[in-house]
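Asks: Based on what follows, work out the 3D shape:
(3 chains)
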Amino acid sequence: MEFLYYLTGLGMVCIGLYCLIFRQNLLKKIIGLNILGNGVHIFLIATGYRKPSIPPILSAKVMSIFPTASVDPIPQALVLTSIVIDFSITGLALMIAIWTYRRFKTLDTSKMKTLRY
Amino acid sequence: MKDRLKIATGFACIVIFFSYILVCISNPDFSSFEKKISNYYLTEGWKSLKAANVVTSIVWDFRGFDTLGEETVLFTAAIGVFALGFGGFVGRRR
Amino acid sequence: MNVIIRTGVKILFPLILLIGIYVIVHGHLTPGGSFSGGSIVAGAFVLYTLAYGLEKTERELKESVVDILKSSAGFILIVLILFEFLLRRFLVPLEVPFTLFSGGPLIFFNVIGGVMVFSGLLVIWYTIVKTDSD
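Replies: Alright, predicted model coming up:
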């Protein structure tokens, strides 16, 4: 059952890597970067699954069985930080794409291979 | 054709890497919870801080310096976008 | 944008803002916290900009105000995290668990962190909309 979650994460990494390498529009490469990051996040959270799955929120009626029945809270805290960092990186990449368009007058990366200024 | 060979090797490396992680995780000796740090956070978070949300107490209290570093990254990205939008001088001077 | 979208956004904008503030403030009781709540509040302002244009959004929230909010929230956050152990000693003994006043210094962290995330995302959005290309 958890094998499906791992397969989803691996599939998203492969799709994101394919978009990053084989597409020649700059905006499609940025979308591929985003999908790659989200696939790794899904894989990380799926490693913390435990069989009597209770979300890690305390309440009055799960106090007694809490340390042996809840899922792992540490990958959730790390992925929460990583999502915000990925969003700020996407914002900066879009700004750099605007500057590249002003310099080269096109968004096609196969026509951008000049190193002169 | 050499390009395709390199890219196929790259994808095969990714699949082998993920399957190695899967084999390591399915070993019950590696991923049991009794001796790990999650057990310490789940029991100590209620005793020392009395908060109902364990993930929030991990993010702000037990690992607060990681959150401080992440806010620095967010701040730097916002400043970078602002500087690129309203302050660049590439090709405009001299 | 036409009349249908403007009428819908006029009804939805305060509701989304209210849900975002609720998720931020109840961060120590329910799942959520500063990052999810800050994203929801920034999303409400992005929706308002898409429907009404940039000038009307600037009347609701000016860009200079967002800049000042971001810098001051960052500074207060640094001071709070470095001196958190003092705050914890004074606040934890006198509180009622499972209510809004529990959780020690977590409610201050959630509110200030929410302001920081929301203003950071809004600065990025305003700059991308204001620089016009081609």
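Asks: what about residue C:23, which helix or strand?
Replies: According to DSSP states H and E, residue C:23 maps onto helix C:3-25.
Asks: Quick check: residues of chain C near chain A?
Replies: Counting by CB under 8 Å from any CB of the partner chain, chain C comes close to chain A at C:30-31, C:33, C:35, C:39, C:98, C:117, C:120-121, C:124, C:127-128, C:131, C:133-134. Any C-beta I mention is one placed from the backbone N, CA and C, and that applies to glycine too.
Asks: Which parts of chain A are helices?
Replies: A:2-22, A:26-46, A:66-69, A:74-104 (DSSP state H).
Asks: which helix of chain C spans the most residues?
Replies: Under DSSP H, chain C gives helix C:106-130 as its longest helix.
Asks: now it and helix A:74-104, what's the angle there?
Replies: 20 degrees (axes from the mean of the first three to the mean of the last three CA atoms, to 10 degrees).
Asks: Keeping just the C-alphas, turn the helix or strand of chain C with the lowest mean pLDDT into CSV.
Replies: When the helices and strands of chain C are scored by mean pLDDT, DSSP states H and E, helix C:84-91 comes last with a mean of 74. Only the C-alpha atoms of helix C:84-91 are listed here, as CSV (Å, rounded to 0.1, in the frame of the first residue of the first chain):
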residue,chain,number,x,y,z
GLU,C,84,12.9,32.4,23.3
PHE,C,85,14.0,30.6,26.5
LEU,C,86,13.2,33.7,28.6
LEU,C,87,9.7,33.9,27.2
ARG,C,88,9.0,30.2,27.8
ARG,C,89,9.9,30.4,31.5
PHE,C,90,7.3,33.1,32.1
LEU,C,91,4.4,32.0,29.9
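Asks: what stretches of the chain score poorly on pLDDT?
Replies: You didn't say which chain, so I picked chain A. The model of chain A has pLDDT under 70 over residues A:115-117.
Asks: The chain in question should be chain B.
Replies: B:1, B:29-35, B:88-94.
Asks: what does it have sitting close to chain C?
Replies: B:48-53, B:55-57, B:59-61, B:64-65, B:67-68, B:71, B:74-75, B:77-78, B:81-82, B:84-86.
Asks: now swap in chain A and tell me
Replies: Close to chain C, as judged by CB under 8 Å from any CB, chain A has residues A:55, A:57, A:59-60, A:80, A:83-84, A:87-88, A:91, A:94-95, A:98, A:101-102.
Asks: what domains does the record give for chain B?
Replies: Domain ranges of chain B: B:1-31, B:33-88, per automatic domain parsing.
Asks: okay, the ones you listed, which one's buried deepest?
Replies: domain B:33-88 (a mean of 18; mean count of other CB atoms under 10 Å in any protein chain shown).
Asks: So what's the gap between that one and the chain middle?
Replies: 11 Å (CA atoms, centre = their mean, to the nearest Å).
Asks: anything in it near chain A?
Replies: Yes: applying CB under 8 Å from any CB, one finds domain B:33-88 in contact with chain A at B:33, B:37-39, B:41-43, B:46, B:52-55, B:58-59, B:63, B:66-67, B:70, B:73-74, B:77-78, B:80-81, B:84-85, B:88.
Asks: For the residue of chain C found nearest chain A, report the pLDDT, please.
Replies: Nearest to chain A in chain C, going by CB to the nearest CB, is residue C:124, at a distance of 4.2 Å. If you check residue C:124, the pLDDT there is 91.
Asks: show me the contacts for it.
Replies: Applying CB atoms under 8 Å, 6 or more residues apart in numbering or on different chains, we find residue C:124 in contact with A:88, A:91, B:77-78, B:81.
Asks: ok, for it, nearest residue in space, not its chain neighbours?
Replies: Among residues not flanking residue C:124 along the chain, residue A:91 sits closest, at 4.2 Å (CB to CB, 6 or more residues apart in numbering or on different chains).
Asks: Below-threshold pLDDT in chain C: ranges please.
Replies: Where chain C drops to pLDDT under 70, the residues are C:92-97, C:132-134.
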